[in-house]
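Participant: Turn this into a model:
(2 chains)
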Amino acid sequence: MGVLLQVSGLVKAYGGVRAINDLSFDVKKGKVFSVIGPNGAGKTTLFNLLTGVDTPDTGSVNLDGYELVGRPPHRVAACGVSRTFQNLQIFHNMTVIENVMVGCHLRGCSGLWSAALRLPSLLAEERRIRTWADEALAFCGMEDLAQARSSELSYGVLKKLEIARALAAKPRMLLLDEPAAGLNDTETLEMCELIKKISETGVTVLLVEHNMGLVMDVSSWVFVLNYGSCLAQGTPREIQRNPQVIAAYLGGETGIE
Amino acid sequence: MRLAGFYLFAALVALLPVVFPDNYYVTVVGVTAFFNIMLAVGLNLLMGYAGQISLGHAAFFGIGAYVSAVTTVRYGWNPWVAMAAGLVLVWLIANLIARPILRLKGHYLAMATLGFGIIIHIVLVQADAFTGGPDGLSGIPGLVLFGWHVDSDLRWYVVAGAVMLLYVWLSLNIIDSREGRALRAVHGSEVAASTLGIDISGTKVRVFVLSALMASLTGSLFAHQQAFVSPDSFSFFFSIELVTMVVLGGLASTFGAVFGAVILTFLPEFLVVFEDFQMLIYGAILMLIMIFLPRGLFVTMADRIGPMFAGYFRQGIRET
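Facilitator: Below you'll find the predicted structure:
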């Protein structure tokens, strides 16, 4: 199993605060790589740097030979990186299926003029996009909701919708930012199964999550972030036994944040 | 059926002059309504769907109209060549200003487009060697379509109606496509759209240019139909009127824009008092709609009257 993503010397400072401080790690192809750490550890910042939403001060992010740093988000996406958001970013002005069809954007190529004139090439592409979107929805178990308006759905379903939309892009790497936050136990269990299922299809998953049960269950590698630096990394078992991690993160009275 | 609403509307447009021939409200005010619909439908693509406000849309309408007027009256150009020249000029200007302007958001974007609209208006007034200044320019020739002179009210109804229906059709097509979804995605969440591979600024620029071109062509037709242009028709107030049309009908609904344009065309015809208080009433309409019917009159009505009706007319909810 080769390395898909190689991060080295990543630094991002906001004013005097180094949110990400000289971070280097490798993500193996086809695995679930989890990033954990207390609130404010820099997890979401890291995701923003990896997806081009934010630009690092120095460092490099290499995806299978493609340097991602310096590319705008839509070019990073074109390299095969897809993501979800901690605060949902659903297109509430669209139906569920249309949300997922936007996810297929990179797999189509029709422009404004062929759309305006509704050329046959466009119609063929529309049918393909619709099929792909249906597949992505079905993969996430939401095929019944295709025509629902996204503004009418519950939080848990919207979380899955974001994943379906991200998967519709057929990414090589999927970044999930707290997919289980705000979900109840049943939904968390479903999410756990969904993440495993995604990983089985060969998509590399980068996961940020606070729910330790889920993280330890699905991950093959866990990376602990603390004040923007690496505190420890290893298999879930190693991390659970690491005294530094326990002290810094798991050792509080509530055990898990 | 995707275009059921469109066919119904087209049939209505075709039948009106047959049922009411020589009716002032059909063949005269109707043509004005068609021009307004064309402008509102174009603006709605930018404002309603892509979520980018423009308070200077009348400027592109004005540039199209004035290029047609000046080149045909002063230089004797063929109207069709003049029309094409207007499109080329608007394409250039729109491309030039789109990128810097569309980097702005919210109030700033509103201010920048407003400034652009005012600049163009000032140019139309001041460059009187070409434009005739505040008095305007008269004697614009009519259109000749393959030897067919567009010289009566009814003929203009046919020509403007056909182009208007073309605009509505184009708008419906665009919205229901990859590019149209990208537009709406940009409106819904820019960060999500960009991480799905949508080039935000490219998408905004394309729709801005398209709506500007639509306004320019409308302007050219308007100039030939009126045979006279003056800067008053392209002032800041008309830009506001266009925004009111789009908001009144309902943002992000092509037929909402059609509806808003029709209402605001006919309202002044029936309310004489409207003349003096026009801007006041438009302002009040905008405020009331934003407060009580933020989704617009047409979209709200369509939803109330029944899912079947709404299903035909509202965009983006039917089976593809």
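Participant: Next, name the residue at the spatial heart of the chain.
Facilitator: Looking at chain A here, since you left the chain open. residue A:175 (1.7 Å; CA atoms, centre = their mean).
Participant: Not quite, go with chain B.
Facilitator: In chain B, the centroid-proximal residue (CA atoms, centre = their mean) is residue B:39; its distance is 0.8 Å.
Participant: hang on, the earlier thing: sec struct for the residue nearest to the centre of chain A, please.
Facilitator: strand (DSSP: H, G, I helix; E, B strand; the rest coil).
Participant: Quick check: bridge partners of it?
Facilitator: In this structure, residue A:175 has the following beta-bridge partners (DSSP bridges): residue A:83, residue A:206.
Participant: what's near enough to touch it?
Facilitator: Applying CB atoms under 8 Å, 6 or more residues apart in numbering or on different chains to residue A:175 gives the contacts A:47, A:50-51, A:81-84, A:205-208. For glycine as for every other residue, the C-beta is placed from the backbone atoms N, C-alpha and C.
Participant: So for residue A:86, what's the nearest residue that isn't a sequence neighbour?
Facilitator: The shortest distance from residue A:86 to any residue other than its chain neighbours is 4.3 Å, reached at residue A:177 (CB to CB, 6 or more residues apart in numbering or on different chains).
Participant: Cross-check the contact I'm expecting between the one you found and residue A:89.
Facilitator: No. The pair residue A:177 and residue A:89 fails to qualify as a contact (CB atoms under 8 Å) at a distance of 10.0 Å.
Participant: any idea how far residue B:154 is from residue A:58?
Facilitator: Summarising the geometry, the distance separating residue B:154 from residue A:58, computed by CB to CB, to the nearest Å, is 71 Å.
Participant: same thing with residue B:255?
Facilitator: Distance check for residue B:255 against residue A:58: by CB to CB, it reads 53 Å.
Participant: Repeat that for residue A:132.
Facilitator: 38 Å.
Participant: hang on, the earlier thing: near the residue nearest to residue A:86, how many other residues are there?
Facilitator: The number of residues packed around residue A:177, counting by other CB atoms under 10 Å in any protein chain shown, is 23.
Participant: The nearest residue to residue B:160 once chain neighbours are set aside: what's it in contact with?
Facilitator: Excluding the flanking residues, the one nearest residue B:160 by CB to CB, 6+ apart is residue B:34, at 4.1 Å. Residues in contact with residue B:34, defined by CB under 8 Å, 6+ apart, are B:157, B:160-161, B:163-164.
Participant: What of residue B:220?
Facilitator: Listed by CB under 8 Å, 6+ apart, the contact set of residue B:220 reads B:64-65, B:67-68, B:79, B:82-83, B:86.
Participant: and those, which are buried?
Facilitator: Among the contacts of residue B:220, those classed as buried by 16 or more other CB atoms under 10 Å in any protein chain shown are B:64-65, B:67-68, B:79, B:82-83, B:86.
Participant: buried stuff in the lengthiest helix in chain B?
Facilitator: As assigned by DSSP state H, the longest helix anywhere in chain B is helix B:200-226. The neighbour-count check on helix B:200-226 (16+ other CB under 10 Å) flags B:200-201, B:203-226 as buried.
Participant: again with stretch B:89-97
Facilitator: Residues of stretch B:89-97 classed as buried by neighbour count (16+ other CB under 10 Å): B:89-90, B:93-94, B:97.
Participant: Provide the contact partners of it at residue level.
Facilitator: So stretch B:89-97 is contacted by B:60, B:63-64, B:67, B:116, B:205, B:208-209, B:212-213, B:215-216 (CB under 8 Å, 6+ apart).
Participant: Of those, just say which sits nearest to chain A.
Facilitator: Taking CB to the nearest CB as the measure, chain A sits nearest to residue B:209 out of these, at 9.2 Å.
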